[in-house]
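Visitor: got a sequence here, can you model it:
(3 chains)
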Amino acid sequence: MNWQSDSNGIETTFAPVLEQWYELHKRDLPWRHTLDPYAIWLSEIILQQTRVAQGKPYYERFVTTYPTVADMARADERELLRLWQGLGYYSRARNLHQTARYVTEKLSGKFPDTYHELLKMKGIGNYTAAAIASFAFGERVPVVDGNVYRVLSRVFGIDEDITTTTAKKTFATLAMRLIQTANDPATYNQAIMEFGAIHCTPVAPDCLLCPIQQQCVAYLTGRQHRLPVKSKKAPVRERYFNYLVFRNEGRLALRERTARDIWQNLYDFYLLETDEPKTALRDIPLSDPVAQVVDQSVPAALPVESMQLLSHQRIRARFYLIDVPDELINSLPIDLQWYLPVEISNLPKPVLITNYLDQQFG
DNA sequence: AACACGGGGAC
DNA sequence: GTCCCAGTGTT
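Guide: Here you go, the predicted structure:
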């Protein structure tokens, strides 16, 4: 079937029907009670690639801690990252801070109020610009997120691979046409995402109670479980992290991660990554300052093993707790610094590190 | 165009 | 185990 022909009239009824469905079924979420572009922006950044249930408590904490964009602009980046800890994709937090400062200092605290101006901000792409522009300012521009790909691919029977550029263009064009018939662009955008999130779900969509069942190409052809089409991702990379946890007088040596890698600007311990799993400290090749220190130090505990699963990596970590004699505490690599437990608790850390600290010392 | 970037929840 | 989430930035 060629969806462009609109042979069953769905193109003109789609938006109003979804808006009607939304008014009946929408969830009560905190960011739906505000028109403040700052709060809406904050919620949209948090919700990027993040489920509502996971993001909601973070949103509450952020709006409480930083009620205005000026409050966030004033914040220490480390404190902001600490609040973000556990949410993942930490570049979102760094971009959040950068944009808060830009809006406060260069735009006199006034958020950009059009799709095209919003798009210029760090961390705001097509989706988020459309979301803020429509929710806060009523601009008639369609959001296209994972929910929208799923709903549109099913209703209109589009089987293009949604990871390709041409497919993205197809969906964007269709979405732009559909929003023209909406009674209210903000309501419609909320509606199509909410519909995808709680009704037209990835597995087990509720087709039997669907308001557009008889207009849905996927349902009518039994293809709802095969749409959207999405080509497979690369297999997860296996990584082996050997952490040397240096301790002295109750303090631990940590360093900020600065490399172009995961967990940028978060803190962890001295790390030796190996291509294969190593089960003993003596099997790990150590370079000089550290090798000296390890030789003259005392293993303080059995190694702790831990695994962290990311979308794209599986990290198998071993932590070697090592007591360092006083005379060697200044011999360690310069990027390592000694922190008291109370200081460590205030540093932003990957979940892998937090879990280890709980296990070893908690 | 392809890839990197977290963590968790649902099945 | 698999999928994928109110995506964006870089190469």
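Visitor: for residue A:324, list the residues it contacts.
Guide: Residues in contact with residue A:324 (CB atoms under 8 Å, 6 or more residues apart in numbering) are A:246, A:247, A:248, A:253, A:293, A:297, A:332. For every residue, glycine as well, the C-beta is placed using N, CA and C.
Visitor: adding distance to residue A:316, write those out as TSV.
Guide: Below are the contacts of residue A:324 laid out as TSV (distance: CB to CB, whole Å):
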residue	distance to residue A:316
A:246	21
A:247	23
A:248	27
A:253	22
A:293	24
A:297	24
A:332	24
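Visitor: restricted to strands, list these.
Guide: By the criterion of DSSP state E, membership of the contacts of residue A:324 in strands covers A:246, A:247, A:248, A:253.
Visitor: residue A:251 and residue A:326, how far apart?
Guide: The span separating residue A:251 from residue A:326 equals 11 Å under the rule CB to CB, to the nearest Å.
Visitor: equivalent analysis for residue A:345, please.
Guide: Using CB to CB, residue A:345 is found at 24 Å from residue A:326.
Visitor: any residues of the stretch 201-350 of chain A in contact with DNA strand C? List them.
Guide: If contact is defined as CB under 7 Å from any atom of the strand, the residues of the stretch 201-350 of chain A in contact with DNA strand C are A:202, A:230, A:232, A:260, A:311.
Visitor: so which of the residues you listed is the most crowded?
Guide: The most neighbours of any of those, using other CB atoms under 10 Å, belong to residue A:230, which has 14 neighbours.
Visitor: only alpha carbons, please: show stretch A:209-229 as PDB.
Guide: Coordinates of each C-alpha in stretch A:209-229 appear next as PDB, following Å, rounded to 0.1, in the frame of the first residue of the first chain:
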ATOM      1  CA  LEU A 209      -8.300  -1.300  21.900                       C
ATOM      2  CA  CYS A 210      -6.700   1.000  19.400                       C
ATOM      3  CA  PRO A 211      -8.700   4.000  18.200                       C
ATOM      4  CA  ILE A 212      -7.200   3.800  14.800                       C
ATOM      5  CA  GLN A 213      -7.100   0.000  14.500                       C
ATOM      6  CA  GLN A 214      -9.100   0.000  11.200                       C
ATOM      7  CA  GLN A 215      -6.800   2.600   9.600                       C
ATOM      8  CA  CYS A 216      -3.600   1.000  10.700                       C
ATOM      9  CA  VAL A 217      -1.700  -0.600   7.800                       C
ATOM     10  CA  ALA A 218       0.400  -2.700  10.200                       C
ATOM     11  CA  TYR A 219      -2.700  -4.100  12.000                       C
ATOM     12  CA  LEU A 220      -4.600  -4.700   8.800                       C
ATOM     13  CA  THR A 221      -1.700  -6.700   7.300                       C
ATOM     14  CA  GLY A 222      -0.600  -8.300  10.600                       C
ATOM     15  CA  ARG A 223       2.800  -6.600  10.600                       C
ATOM     16  CA  GLN A 224       2.700  -4.600  13.800                       C
ATOM     17  CA  HIS A 225       5.400  -6.700  15.400                       C
ATOM     18  CA  ARG A 226       7.700  -6.200  12.400                       C
ATOM     19  CA  LEU A 227       7.600  -2.500  12.400                       C
ATOM     20  CA  PRO A 228       9.500  -0.300  12.600                       C
ATOM     21  CA  VAL A 229      12.400  -1.800  10.700                       C
END
